[in-house]
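Asker: Pasting a predicted model and its sequence here:
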Amino acid sequence: MLHRVEGIVLRSMDYGEGNAIITLCTENAGKIGVLVRGAKKAKSRHSALIQPFTLGQYVFFRGNSGLGTLNAGEIIVSHHGLREDLTKAAYASYACELLDRVLHEEESGPFWFRQLSACLTALDEDKEPDIILNVYEMKILQAAGYGPELENCVLCGAQEKDEDVRISAGLGGMLCRRCRHNDPAAPAVSPKALKLLRLFAKLDLTRLGSVDVKKETRDELKAIMRSFMDVQLGLKLKSRNFLDQLDKYGV
């Protein structure tokens, strides 16, 4: 059966001599694998279609299961700038690898497709990458069923003054003063960071504008979101390790 889909290349791997297999996040067909014959050969008309982060229209033949085989394709947005910049490429790779690991094969994903597309576009437009990823991670957590409770105490439901709040990744959200003993290691969170976390929880990434956040607050948000991602999803990602190396050396 012939299929026509819009998709974003999550990853590409060599297959045989001159061929490639790409994994696409599509708007209406979930996550799928497509074999692109001859894509790695010189002067291949399909070589640009297999590049990471590329948004394109892909026409492929596929039976009832297994890989599809590309018949034709057309680039919609190449995101060439993301691949040419080391830092942008690192952030974009993390976004793609994270979605690749969370999204199951053929899981229907209009929401995932829109969020990833918005994430890559925002990175391409030079918006603050750490904030982009924080919002993206929040959407991933929510869609996977692990969105943190940020309005009331996650254990007793009580409201608490922002300056008295603790954030527990293990328990899944805010702790009030009476419940913080359930996770003594839960860190405090500044009112500014808490306000932004609440905004991230409500904001669709497709509507993200320019956000100016001080480095101190960005670092706090990064630490909080990292703890939620590590505890709730527990994924070991190569791209995350590379981002950590960039941070370590101040790139």
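Answerer: Ah, there it is.
Asker: on contacts alone, who are the packing partners of the host helix or strand of Lys195?
Answerer: Here Lys195, judged by DSSP states H and E, is contained in helix 191-202. In terms of contacts (3 or more Cβ pairs under 8 Å, 6 or more residues apart in numbering; DSSP states H and E), helix 191-202 is packed against helix 129-143, helix 215-228. For the C-beta atoms, the positions are set from N, CA and C on the backbone; glycine is no exception.
Asker: Run through who's touching stretch 193-201.
Answerer: Outside stretch 193-201, the residues that touch it by Cβ atoms under 8 Å, 6 or more residues apart in numbering are 134-135, 138, 142, 147-148, 150-151, 162, 165, 167, 189, 213, 217, 220-221, 224.
Asker: residues touching His181, list them.
Answerer: His181 touches nothing, counting by Cβ under 8 Å, 6+ apart.
Asker: Is it part of a helix or strand, or is it coil?
Answerer: Put simply, His181 is helix when judged by DSSP: H, G, I helix; E, B strand; the rest coil.
Asker: Can you tell me which of the helices and strands packed on helix 191-202 is packed in deepest?
Answerer: Ranked by mean neighbour count, the helices and strands packed on helix 191-202 are led by helix 129-143 with a mean of 22 (mean count of other Cβ atoms under 10 Å).
Asker: For it, what is the distance to the chain centroid?
Answerer: 7 Å (Cα atoms, centre = their mean, to the nearest Å).
Asker: Identify the residues contacting that helix?
Answerer: Defining contact as Cβ under 8 Å, 6+ apart, one finds that helix 129-143 is touched by 87-88, 91, 94-95, 98-99, 102, 111-112, 115-116, 119, 122-123, 147-148, 196-197, 200-201, 203-205, 208, 211, 213, 218, 221-222, 225, 228-229, 232-233.
Asker: C-terminal to that helix, what's the next element?
Answerer: Next along from helix 129-143, by DSSP H and E: strand 166-168.
Asker: and that next one, what does it pack onto?
Answerer: Helices and strands touching strand 166-168, as assessed by 3+ Cβ pairs under 8 Å, 6+ apart, comprise strand 173-175.
Asker: now for the strand it packs on, which elements pack on it?
Answerer: If you count contacts as 3+ Cβ pairs under 8 Å, 6+ apart, strand 173-175 packs onto strand 166-168.
Asker: what does the strand it packs on rub up against?
Answerer: 148, 154, 173-175, 180, 182-183, 186-189, 194, 224, 227.
Asker: Out of those residues, grab the one that's most surrounded.
Answerer: Within those, neighbour counts (other Cβ atoms under 10 Å) peak at Met174, which reaches 29 neighbours.
Asker: The closest residue to it other than its chain neighbours: what's it in contact with?
Answerer: Once flanking residues are discounted, Met174 sits nearest to Val165: 5.2 Å by Cβ to Cβ, 6 or more residues apart in numbering. Counting by Cβ under 8 Å, 6+ apart, Val165 touches Met174, Leu175, Cys176, Ala188, Val189, Leu194.
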